[in-house]
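Peer 1: predicted model, plus sequence, below.
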4 protein chains.
Amino acid sequence: MDKLKEECGVFGVYDPKGNVANTVFHALVALQHRGQESCGIAVNRDKEVYCYKGMGLVTDVFNDKKILDNLSGTMAVGHVRYSSEGTSSPANAQPLVLHYVKGNLAIAHNGGLRNTAELKKEYERTGAIYQTTSDTEIVAYTIARERINSGSIQEAVSKSMDKLKGAYSLVIMSPQKLIAARDMWGFRPLCIGKKGDAYMFASESCALDGVGADFVREIEPGEIVVIENGKLTEMKKHVGKVPTSFCIFEHIYFARPDSVFDKRTVYESRKTAGVILAEDHPAAADVVIGVPDSGVPAAVGYGKKSGIEYADGFIKSRYIGRTFIQPDQTDREWAVRMKLNPLRSNVAGKRVVVVDDSLVRGTTFAYITKMLRDAGATEVHVRIASPPFLFPCYYGTDVTSGKQLVAHSRTLEEIRKLIDADSLGYLGLERLKDLVPAEAGGFCDACFTGNFPV
Amino acid sequence: MDKLKEECGVFGVYDPKGNVANTVFHALVALQHRGQESCGIAVNRDKEVYCYKGMGLVTDVFNDKKILDNLSGTMAVGHVRYSSEGTSSPANAQPLVLHYVKGNLAIAHNGGLRNTAELKKEYERTGAIYQTTSDTEIVAYTIARERINSGSIQEAVSKSMDKLKGAYSLVIMSPQKLIAARDMWGFRPLCIGKKGDAYMFASESCALDGVGADFVREIEPGEIVVIENGKLTEMKKHVGKVPTSFCIFEHIYFARPDSVFDKRTVYESRKTAGVILAEDHPAAADVVIGVPDSGVPAAVGYGKKSGIEYADGFIKSRYIGRTFIQPDQTDREWAVRMKLNPLRSNVAGKRVVVVDDSLVRGTTFAYITKMLRDAGATEVHVRIASPPFLFPCYYGTDVTSGKQLVAHSRTLEEIRKLIDADSLGYLGLERLKDLVPAEAGGFCDACFTGNFPV
Amino acid sequence: MDKLKEECGVFGVYDPKGNVANTVFHALVALQHRGQESCGIAVNRDKEVYCYKGMGLVTDVFNDKKILDNLSGTMAVGHVRYSSEGTSSPANAQPLVLHYVKGNLAIAHNGGLRNTAELKKEYERTGAIYQTTSDTEIVAYTIARERINSGSIQEAVSKSMDKLKGAYSLVIMSPQKLIAARDMWGFRPLCIGKKGDAYMFASESCALDGVGADFVREIEPGEIVVIENGKLTEMKKHVGKVPTSFCIFEHIYFARPDSVFDKRTVYESRKTAGVILAEDHPAAADVVIGVPDSGVPAAVGYGKKSGIEYADGFIKSRYIGRTFIQPDQTDREWAVRMKLNPLRSNVAGKRVVVVDDSLVRGTTFAYITKMLRDAGATEVHVRIASPPFLFPCYYGTDVTSGKQLVAHSRTLEEIRKLIDADSLGYLGLERLKDLVPAEAGGFCDACFTGNFPV
Amino acid sequence: MDKLKEECGVFGVYDPKGNVANTVFHALVALQHRGQESCGIAVNRDKEVYCYKGMGLVTDVFNDKKILDNLSGTMAVGHVRYSSEGTSSPANAQPLVLHYVKGNLAIAHNGGLRNTAELKKEYERTGAIYQTTSDTEIVAYTIARERINSGSIQEAVSKSMDKLKGAYSLVIMSPQKLIAARDMWGFRPLCIGKKGDAYMFASESCALDGVGADFVREIEPGEIVVIENGKLTEMKKHVGKVPTSFCIFEHIYFARPDSVFDKRTVYESRKTAGVILAEDHPAAADVVIGVPDSGVPAAVGYGKKSGIEYADGFIKSRYIGRTFIQPDQTDREWAVRMKLNPLRSNVAGKRVVVVDDSLVRGTTFAYITKMLRDAGATEVHVRIASPPFLFPCYYGTDVTSGKQLVAHSRTLEEIRKLIDADSLGYLGLERLKDLVPAEAGGFCDACFTGNFPV
């Protein structure tokens, strides 16, 4: 399907009762939507680090109870990863486990740096070697180098935050400590959970639900949180240095709808987007449907606001993996058809509003309108619960060139024709602020506006 | 999850243009919900049969384009299979391909016989040997033996139908013909599709949608349909011999909601069940939710009829396969928690009606109510869109003993307490007839009533 | 390499102390040279049969201790299989496990029938269906049908031996008995072993060595041996009915050199062949070498008789499996080069006699002479320790057409030129009798003479 | 079996005609005896490096023609690896591919450093991070750091040789050059080959034979050889700085017998060891046999010198991989029995001299003498073609503690009793010099004497 790809999900746990690998396993399953290419778990047992990682889904890589049993310990970090095309490689799987001047370190990272090239060159000039192509290795070198002149690992992390420009939500495990850090712009989410005596860090609160932990709070942009000997310490030196730029696409598509940002579920944000669409782009129609799964909440909101009945419009196959074969690789229509089938009884003979969360490359939406018309829809009005996607993103997604984007060099009318819609409406740029919770700080909308925060 | 297991899905195609394996592949993916244990495709190329089958999902077994490319031909049959515990075995994967007195035969079978033991003994006494434990081998022997004194394969199938007691929807491929047959009770579905010059047989119409074919009609109970040289012939000798006993559970749970039985989508039947529940078991509540995926249509119907708002109540993980590991195999709570997470914003502080399609073993529903209460639901009213499940089924499902069933020896109040619901309402037995389309013939409700048709 | 392929090895064990699967595992490893395509073990535990089989080597298929642990029992049969091209299929893996009129049966079979087609037709006409393409299914049907009018399984086997024409060494496991049977011609070997209270049947005595059992004796052509309740019974009704036709190629190539036939190791027979070659085809040379591994014993015999020094001529790679990839499938030279490298110090500047056990298709021997010349051999005299291979074999090997055979339509001189030898000598037909032990009965030399015994 | 483990084999090729991956594949198969745990190939295509590596044998890792096809290029390095227990890990597989200040680098390394700990600390103090546990990463850091102040990669390698203390035969691929370097002690072998316009570097000459290349010469201890634009340049700055310490165990066991060191095959060295044993430890016996495969050449030499007939004493199974399961992991007897079976006809009733190349841990030899006696040997005289193994080795093998060694704290008589030999003779320390070619420089015999060169 035509979707933006998030690059990572991170998780960390400190649990004096041990059995941490099972906790990470469940958490990573709950974070699987943030990355399906590779995953890994590193545990700390008596200050030694044991790591297991592999290509594939969490339940495929950790497909034997013995693997988890071998990962006993009292601290652990976990990671799920997607990657932009061409760099899919076992070497890039995380957590990155390394040995440096102060012993072992395991790092799980979600984000993307803007000053990778400069830092890479700087370190190379004093003898660094790179064994992966991921930014995480740059993060590791920065921390390792800062550690030399720092009194503690958290001080090294703090100093590193002055050097690292861009998006990074980090969970770091040293022989003694579990550390979470979020870049000062706050691009990617990171939160704290608690269950009994155990502390946890997670990309999204749904991972805390997945392990039965309580949500404590989100980590602030620029904040460092340290767990040592069961005690949590906050470091806020970098907090408030720059305006917050939380990725608006976490609300629109990336995050799981049951996750909570700024005290509101993502589901509510998406439903609100539908409400706004109904206000700004009404349609004379008989039924509102969503493209499953991410278009559904906005469709529900559109239906509620407009008074047009909401109904399930498609059945989505639950048995298609990411890497299934297609008879003809060039024929994307089959790929869509295998995943989605219209529910005839809900669309036949009706004027249909179909809502999706975003239009990125626009390569498949024409098949969706075609299927609806084939199933008897008399009109198909397309509503997109985000503004036109116009710019590449450098903060941890896989859209690295504007040319791939359907809205990049097309008018609204051209896009409408391309996807064969009777009408097309996007969420207005000026309405984005209404979509996020009132409590939220600023957000990054560079993919819509080109205003890159770093 | 606590669900009844269907045992099979079948598909057949005759296409003079060839490329049949791709068609079967797409169709089996669409039928995957009917069986996830093993699958297979057998093709007829110049009267020779080539077969590939394996354990696992269709996209896992046929995970290389080359496998499908090697299965070129103009006729094919395909099969997906689930099996009751203990007989999971590669030897039981279908289609069953065999050589008999008139050459090759490939058989795909959905159902379960009642007179297996008698027929097995009869054939053994004249030298039969059995290499599998599936009923399909009995079907094969019956046809092979009847063929000796029959003028054609379809005559042999017809004679076999007098001997085979029970449920069987069959697709059979001989060197020259593709044959579909449905037992005279019509327990399991089977329909005809067409796309250009190609004819198809499928367990459900969703498979026809999945390959872009038009739905022609359902095959009648007792009917045999033969494709030979591109011509379709109907044989209705056994039609109307006994009252129709179409499995009511196809409507309630087995079939995909976008499939059509008796000119109506299954979605409509399920939504109707919700409407009936709202009439018969009203609740003073703030929101109606469904247990995804199969409880949703009834929840939508309940909401519509009752006027209580319908909302998404759970996020279901899309990344849990059938065979994932669990930290503790005895702890089913985690299995449920990994699959479902309540959408707090939709249930917190609310009186919730939660609708599911059925309660079979009842082993997991208590965790669902617990999760809802943990998420802030103030009351949880459970509504089940089918009557209490009381009897084992012998026609192709995996419930073979009444003792496993939660309703078997418990009162309504005992079940309500067990699952910790504030109230519990089942669909009334007498309302089943209102749930199926008016055009439908009779149905089998033996799992609720114990009235076994054969 | 250019070698004839044996089709099977069989083993059976009765051990009141249990743990039979480990015994079969070790025995099959020792018999692996008789078949590397698939293997399997079936055990009898309380009259139920449990079977595990798969494609590949014994150590690859049984690659987890748990698999063997699950196969506990007091009787077992095992099988290793090679197959002629085109019929490599999991369905053909053995033991064949089946259910018939008297319960379960497991059959392991080495050989090939001549009257397959007739029996197949006969059984089909009374309703038989075939799920494999192997003769073993015919054997199974024959026994199952004879069993109907027999008082015991051994009587059914005995009657079957009147119907089955061709080569078969069988090990059969019924609910109560372990039975070994050898066709009356005695084409393929079969012997009895004993270890404590345990009885065993094996294709070759090397399997008895492999499990630490004592060799008791060979089973006679036409003999049936039954183990029941720890007691061994002999049935000799078919013994002596026809002249013995033990496959001479078991001596020449198939059997392991440490196996014993007619009280002599196969190594001795091969060494004797070399002695005969030295007498009949002397050469003026400096060194005698063998093509490893099967040409070595004859080379040793040639050296001893001729007085020319024997030396190791090649290093054979121990890390090449049967199915490795080649850069160019048409370039057999690389395949030979990867397996063999001349030992320069033993051949450079010398006139070399190189001995191999047989020349079948002749496709690779030219590379062997080329490598020797490249390594500095001044002359290369080829001696073949068997007569020219002229006829296909129907008794359990993979040479089914004469056209593939290098000697089929070429003169000695043409072959000599083809393989670029300075001289070429074959073992004379009339000397075959001198190669087998004096105690041996007759043998089958149909591959050299065309005198087919059945 | 009770054998010392070599840790690596390396190979490099520059071929303007391309197709280098196939060449490396064949070479690595020929070098497989030097390491069976993991392997890899890195190619240079238009200055970019593409690498594929994995756990297992070369023919298992590169089991699809497509893998090699994807590795097109004009330069490549390859590696096979064994590892001491506990550090078996995909992360340690080689070649090590990295990016440093001057672009990409691929390194294949055979050996072991003595000053790993010091260098590791030195680099850590200026910010190095370690992602593997292998010495190769230290080699890489050293080169990367020296490169900063060097005019070329070969100058950096040359400077690194002043820092790296220990054993290392290296093949290094930079964007433009292929470089081979051998430590100044010359512990591990490394040689040059040529085929048409292609140049090659290999651990042993048998790899050159395996790809049809001509042996040019061995690289001298301390020498660096550079291939650039098809031209070979020699750098001898470090040559002759220290006495040569070529590992004597390469002659005794590690190298393949067809490989050439100092103009003589390893086979000849081993045969010579047998001759010496016959002189120093004669026996009154009827037959001499070797323990296959490595004991055979010395047995041949013993037979020749003593006049006692040499004969094949064991059949070695060719189908046992490294990682087969054993019924009882503590029962080593079965492991030996599965690999070796005595050839009764050659030992029964005879006084046997059995020769092996070395006795390391001594855990299995008792089973060998037992098998010989069970097969009828009347006396068993053990001769070992090397001195008592007394000290651990730090230059690239897996014996890291003296306690594991059978000779470490036992008298000759105690060992004789332990292995149940009638007599036992080791090669004398003072005879080692007679075993290597006259042309050879000095050798390292630290495992026998404790005189460690570095």
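Peer 2: Good, I have the coordinates.

Peer 1: pretty sure residue A:74 is touching residue A:14, no?
Peer 2: Yes. In this structure, residue A:74 is within contact of residue A:14 by CB atoms under 8 Å, at 6.8 Å. To be clear about C-beta, it is placed using only N, CA and C from the backbone, and glycine gets the same treatment.

Peer 1: and those two? Which one has more around it.
Peer 2: residue A:14 (23 against 19; other CB atoms under 10 Å in any protein chain shown).

Peer 1: how many neighbours does residue A:155 have?
Peer 2: 16.

Peer 1: for residue A:391, same thing?
Peer 2: 19.

Peer 1: how close does the residue of chain A positioned farthest from its centre get to chain B?
Peer 2: For chain A, the residue at maximal distance from the C-alpha centroid (CA atoms, centre = their mean) is residue A:349, at 38.0 Å. Separation of residue A:349 from chain B (CB to the nearest CB, to the nearest Å) stands at 14 Å.

Peer 1: from residue B:218, how far off is the closest residue to that residue other than its chain neighbours?
Peer 2: In space, and not counting its chain neighbours, residue A:349 is closest to residue A:376: 5.5 Å by CB to CB, 6 or more residues apart in numbering or on different chains. Counting by CB to CB, to the nearest Å, the separation of residue A:376 from residue B:218 is 20 Å.

Peer 1: with residue A:127 instead?
Peer 2: 74 Å.

Peer 1: show me where pLDDT drops low in chain A?
Peer 2: Within chain A, the ranges that satisfy pLDDT under 70 run A:1-2, A:4-6, A:83-88, A:321-331.

Peer 1: and residue A:199, that's in a strand?
Peer 2: Yes. With DSSP: H, G, I helix; E, B strand; the rest coil as the criterion, residue A:199 is part of a strand.

Peer 1: residues contacting it?
Peer 2: A:13-15, A:178, A:192-193, A:227, A:230, A:232 (CB atoms under 8 Å, 6 or more residues apart in numbering or on different chains).

Peer 1: which elements pack onto the strand or helix carrying residue A:381?
Peer 2: Element membership for residue A:381, per DSSP states H and E: strand A:379-384. Applying 3 or more CB pairs under 8 Å, 6 or more residues apart in numbering or on different chains; DSSP states H and E, one finds that strand A:379-384 contacts helix A:266-280, strand A:351-356, helix A:365-374, strand A:423-426.

Peer 1: the following helix or strand past the first one - contacts with which helices or strands?
Peer 2: So that's helix A:266-280. Using DSSP H and E, the helix or strand that follows helix A:266-280 in sequence is strand A:287-290. Using 3+ CB pairs under 8 Å, 6+ apart, the elements in contact with strand A:287-290 are helix A:296-306, strand A:309-310, helix A:344-347, strand A:351-356.

Peer 1: quick check: the residue lying closest to residue A:257 once chain neighbours are set aside vs chain D, distance?
Peer 2: Distance criterion CB to CB, 6+ apart; nearest residue to residue A:257, sequence neighbours excluded, is residue A:267 at 3.9 Å. Distance, residue A:267 to chain D, by CB to the nearest CB: 40 Å.

Peer 1: ok, residue A:267 - how many residues close by?
Peer 2: 26.

Peer 1: and residue A:47, by the same measure?
Peer 2: 12.

Peer 1: so what's it closest to, chain neighbours aside?
Peer 2: Per CB to CB, 6+ apart, closest to residue A:47 is residue A:175, 4.1 Å.

Peer 1: phi and psi next, for that neighbour.
Peer 2: phi -50, psi -30 (degrees, to the nearest 10).

Peer 1: now residue A:417
Peer 2: phi -70, psi -40.

Peer 1: same question, the one 4 residues further on
Peer 2: Summarising the backbone geometry of residue A:421 under the convention degrees, to the nearest 10, its torsions are phi -100, psi 150.

Peer 1: ok, the nearest residue to it once chain neighbours are set aside - contacts?
Peer 2: Of all residues beyond its chain neighbours, the one nearest residue A:421 is residue A:382 (4.0 Å), with distances taken as CB to CB, 6+ apart. Residue A:382 is in contact with A:353-356, A:365, A:369, A:416, A:419, A:421, A:423-425, counting by CB under 8 Å, 6+ apart.

Peer 1: ok, so what distance separates residue A:261 from residue C:209?
Peer 2: 71 Å.

Peer 1: revised request: answer the last question for residue A:314.
Peer 2: In terms of CB to CB, residue A:314 sits 66 Å off from residue C:209.

Peer 1: more neighbours: which of those two?
Peer 2: Under the neighbour definition other CB under 10 Å, residue A:314 and residue C:209 were set side by side, and residue C:209 has more, 28 against 25.

Peer 1: would you mind finding the most buried of the helices and strands packed on strand A:287-290?
Peer 2: strand A:351-356 (a mean of 27; mean count of other CB atoms under 10 Å in any protein chain shown).

Peer 1: burial measure for the residue nearest to residue A:47, as a count.
Peer 2: So residue A:175, with other CB under 10 Å, has 15 neighbours.

Peer 1: so it makes contact with residue A:44?
Peer 2: Yes. The criterion here is CB under 8 Å, and residue A:175 meets it with residue A:44 at 6.9 Å.

Peer 1: which neighbours do these two share?
Peer 2: Contacts common to residue A:175 and residue A:44, judged by CB under 8 Å, 6+ apart, are residue A:104.

Peer 1: how about the residues of the stretch 151-300 of chain A by chain B?
Peer 2: Contacts of the stretch 151-300 of chain A with chain B, taken as CB under 8 Å from any CB of the partner chain, map to A:206, A:209-210, A:212, A:256-258, A:260, A:264-265, A:267-268, A:293, A:296-297, A:300.

Peer 1: quick one on the thing from earlier: identify the residues contacting the residue nearest to residue A:349.
Peer 2: Counted by CB under 8 Å, 6+ apart, residue A:376 has contacts A:344, A:347-350.

Peer 1: okay, now residue A:50: neighbour count?
Peer 2: 18.

Peer 1: quick one: classify it as helix, strand or coil.
Peer 2: Assignment for residue A:50 (three-state DSSP): strand.

Peer 1: wait, isn't it in contact with residue A:42?
Peer 2: Yes. Checked against CB under 8 Å, the pair residue A:50 and residue A:42 is within contact range at 7.0 Å.

Peer 1: and the residue nearest to residue A:190 when sequence neighbours are not counted, what are its phi and psi?
Peer 2: Sequence neighbours aside, residue A:169 is the residue nearest to residue A:190 in space, at 4.1 Å (criterion: CB to CB, 6+ apart). Main-chain torsions, residue A:169, degrees, to the nearest 10: phi -110, psi 120.

Peer 1: likewise for residue A:111?
Peer 2: phi 150, psi -160.

Peer 1: residues contacting it?
Peer 2: A:7-8, A:135, A:166-169, A:183, A:187-188, A:395-396.

Peer 1: can you name the residues bridging to it?
Peer 2: residue A:168 (DSSP bridges).

Peer 1: so how far is residue C:425 from residue A:232?
Peer 2: On the measure of CB to CB, residue A:232 and residue C:425 end up 88 Å apart.

Peer 1: what's the answer for residue A:421, then?
Peer 2: 85 Å.

Peer 1: any common contacting residues for residue A:74 and residue A:14?
Peer 2: residue A:20.

Peer 1: SS state for the closest residue to residue A:387 other than its chain neighbours?
Peer 2: Excluding the flanking residues, the one nearest residue A:387 by CB to CB, 6+ apart is residue A:448, at 4.3 Å. Three-state call for residue A:448 (three-state DSSP): helix.

Peer 1: circling back to that earlier point, report the secondary structure state of the residue farthest from the centre of chain A.
Peer 2: coil.

Peer 1: try residue A:63
Peer 2: Per three-state DSSP, residue A:63 ends up coil.

Peer 1: with residue A:338 instead?
Peer 2: Assignment for residue A:338 (three-state DSSP): helix.
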